[in-house]
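1. Provide a 3D model corresponding to the input given below.
(one chain, ligands or ions: 1)
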Amino acid sequence: MPPTLNAPPLTFADAPQNPLSIRAKALVFVDPRSRQLRERADALAPGHQPLLIRGETGTGKELLARYIHRHSERGGLFVALSAATISPQWGEAELFGHVGGAHAGGAGSRAGWFGSAHGGTLYLDEIADLPRALQRKLLAVLETREVYRVGASQATPVDVRLLAASSIDLARAVAAGTFDEDLYAYLCDGQLHFPALRERVGDILPLAEYFLGIHALRLGLAIPALGEQAQAVLEAHRWPGNTRELENVIHFALLLAGAKEIAPEHLQLVMGQTG
Ligand SMILES: Nc1ncnc2c1ncn2[C@@H]1O[C@H](COP(=O)(O)OP(=O)(O)OP(=O)(O)O)[C@@H](O)[C@H]1O
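-> Here you go, the predicted structure:
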């Protein structure tokens with residue numbers, strides 16, 4: 001018997017109008033651990049406090065951040081960027097903006113990422129990768145709610161909620177001297193931990209069914225059943241790449257199986273593989 005979702009996925013009401021990928025239209029949260037996470041996200045969403053989302057790569061941190069933004073009633077944009085892409089040389093202008101002629105790097109808009117997220121939410125992925133000097137500046141902006149654009153003599157008020165994400169333990173980064181202690185303390189009050197997929201086994205089959213459904217629809221195929229043996233293989237796998245890996249496995253299985261029931265050989269996973 002294929003598994004059934006015992007709770008409908010949480011859909012994003014405006015999904016058809018917004019530019020989210022097909023993948024980001026719903027949050028499948030069935031396991032008790034992810035339901036708990038959703039309850040905490042629901043409780044924290046309406047506030048303005050910055051939040052720190054911890055979790056391995058591919059667990060769904062950005063999707064959760066989008067969910068929080070949608071439930072925060074903040075009218076501005078959800079702006080997502082990875083701290084790893086911020087250049088040490090031009091990072092300040094990229095993040096906080098610059099006045100005309102002050103910045104020769106050419107990257108980003110004048111308003112900077114903070115300006116783009118004004119009234120909305122800035123999702124900063126892998127915050128531990130932010131250059132050290134910018135960490136302190138980020139803290140100052142969060143505390144004062146104003147930015148000094150590069151080359152500006154006056155501060156500009158900004159209303160941005162920061163949702164930071166990290167796949168590494170920031171306490172260890174602080175201990176190692178690579179992450180600012182005060183910024184860590186500032187972010188610590190609103191922490192959310194996204195458990196790895198192997199720690200919320202109850203989500204695996206509902207997610208697999210969900211991905212089968214959306215990819216079959218996209219490819220114009222009938223949704224194939226997920227065979228019992230395939231279900232067992234999916235539940236036993238360690239999923240080092242978490243939900244992103246599961247989606248890729250299901251997408252590929254669908255291409256291999258076509259309309260046939262999904263069997264273990266379509267998953268191309270080794271039983272008990274530790275990753
Ligand atoms: N609960 C879920 N329901 C539906 N889709 C999910 C869920 N969790 C994750 N996904 C999908 O899995 C993929 C990975 O999610 P996302 O990019 O949010 O992870 P992440 O933790 O931010 O990854 P990274 O750390 O690598 O940036 C996306 O395609 C996302 O839509």
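2. and stretch 152-162, how far out from the chain middle?
-> Taking the mean C-alpha point of stretch 152-162 and that of its whole chain, the gap between them comes to 25 Å (Cα atoms, centre = their mean, to the nearest Å).
3. gap between the two ends of it?
-> Using Cα to Cα, to the nearest Å, one end of stretch 152-162 lies 23 Å from the other.
4. for it, buried residues please.
-> Along stretch 152-162, the positions that meet the burial threshold by neighbour count (16 or more other Cβ atoms under 10 Å) are 156, 158, 160, 161, 162. Where C-beta positions appear, they are placed from N, C-alpha and C, glycine not excepted.
5. quick one: which of these is nearest to the ligand?
-> residue 162 (15.4 Å; Cβ to the nearest ligand atom).
6. how much space between the closest residue to the closest one other than its chain neighbours and the ligand?
-> Leaving aside its chain neighbours, residue 162 sits nearest to residue 50 (4.1 Å; criterion: Cβ to Cβ, 6 or more residues apart in numbering). Applying Cβ to the nearest ligand atom, to the nearest Å, one obtains 17 Å for the distance of residue 50 from the ligand.
7. how about residue 165?
-> Residue 165 is 6 Å from the ligand, where distance means Cβ to the nearest ligand atom.
8. which residues are in contact with residue 129?
-> Under the criterion of Cβ atoms under 8 Å, 6 or more residues apart in numbering, the neighbours of residue 129 are 82, 83, 84, 86.
9. and if we set it to 10 Å?
-> Contact partners of residue 129, counting by Cβ atoms under 10 Å, 6 or more residues apart in numbering, are 82, 83, 84, 85, 86, 166, 168, 173, 178, 179.
10. ok, residue 56 next?
-> 167-168, 194-199, 239-243.
11. show me which of these is closest to the ligand.
-> Distance ranking of the contacts of residue 56 against the ligand, using Cβ to the nearest ligand atom, places residue 243 first at 3.6 Å.
12. what helix or strand is that closest one located in?
-> Assigning secondary structure by DSSP states H and E places residue 243 in helix 242-257.
13. so that helix, near the ligand or not?
-> Yes: interface with the ligand: helix 242-257 contributes 243, 244, 247 (Cβ under 6 Å from any ligand atom).
14. other SSEs contacting that helix?
-> helix 204-219, helix 228-236, helix 264-267 (3 or more Cβ pairs under 10 Å, 6 or more residues apart in numbering; DSSP states H and E).
15. what's the angle from it to helix 204-219?
-> Put simply, helix 242-257 runs at 50 degrees to helix 204-219, going by axes from the mean of the first three to the mean of the last three Cα atoms, to 10 degrees.
16. which one of the helices and strands packed on helix 242-257 lies nearest to the ligand?
-> The ligand lies closest to helix 204-219 among the helices and strands packed on helix 242-257, at 5.9 Å (Cβ to the nearest ligand atom).
17. which residue comes closest to the residue of the chain found nearest the ligand once chain neighbours are left out?
-> Nearest to the ligand, among the residues of the chain, is residue 60, at 2.6 Å (Cβ to the nearest ligand atom). Of all residues beyond its chain neighbours, the one nearest residue 60 is residue 243 (5.3 Å), with distances taken as Cβ to Cβ, 6+ apart.
18. where does pLDDT dip in the stretch 51-200 of the chain?
-> For the stretch 51-200 of the chain, the stretches with pLDDT under 70 are 101-109.
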